[in-house]
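[1] okay, here's the prediction I keep looking at, along with the sequence it came from:
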Amino acid sequence: MNKPKSSKKETVKKTIFCPRCGSTNIFWASGLPQFWSIWECRDCGYRGAFIIEDSKLASKIREEYVKKKIGQDSAKKP
Ligand SMILES: [Zn+2]
């Protein structure tokens, strides 16, 4: 009996976002034991086990973060 080949390719790549700034510029922090799921954000320097996979939430966070960042930058006048 031939087994039906599943044509369903599971190539769903999860997009992960930084919970602090909503950036996708987030990487697995190296140099740590594998059981430590620590992520590191290159944008805001966030480091932690918590990441988000919800793009809608991420864009909201990103919006807020950018707003705050702009506010901080304009406050820092030379
Ligand atoms: Zn971040």
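    Structure's in. What do you need? Because the structure is predicted, anything quoted here is derived from the model rather than measured.

[2] next up, phi/psi of residue 18, please.
    With angles defined as degrees, to the nearest 10, residue 18 sits at phi -70, psi 130.

[3] so how many other residues sit close to residue 25?
    Using other Cβ atoms under 10 Å, residue 25 has 12 other residues around it. C-beta here means a position set from N, CA and C on the backbone, and glycine is covered the same way.

[4] what pLDDT does it get?
    Residue 25 is assigned 95 on the pLDDT scale.

[5] what about the one residue sitting closest to the centre of the chain, distance to the ion?
    What sits nearest the mean C-alpha location of the chain, by Cα atoms, centre = their mean, is residue 17, with 1.8 Å. Distance, residue 17 to the ion, using Cβ to the ion, to the nearest Å: 8 Å.

[6] let's verify the closest residue to that residue other than its chain neighbours: helix, strand, or coil?
    Excluding the flanking residues, the one nearest residue 17 by Cβ to Cβ, 6 or more residues apart in numbering is residue 58, at 3.5 Å. Secondary structure assignment for residue 58 (DSSP: H, G, I helix; E, B strand; the rest coil): helix.

[7] isn't residue 23 up against residue 40?
    No: under the criterion of Cβ atoms under 8 Å, residue 23 is not in contact with residue 40, lying 11.1 Å apart.
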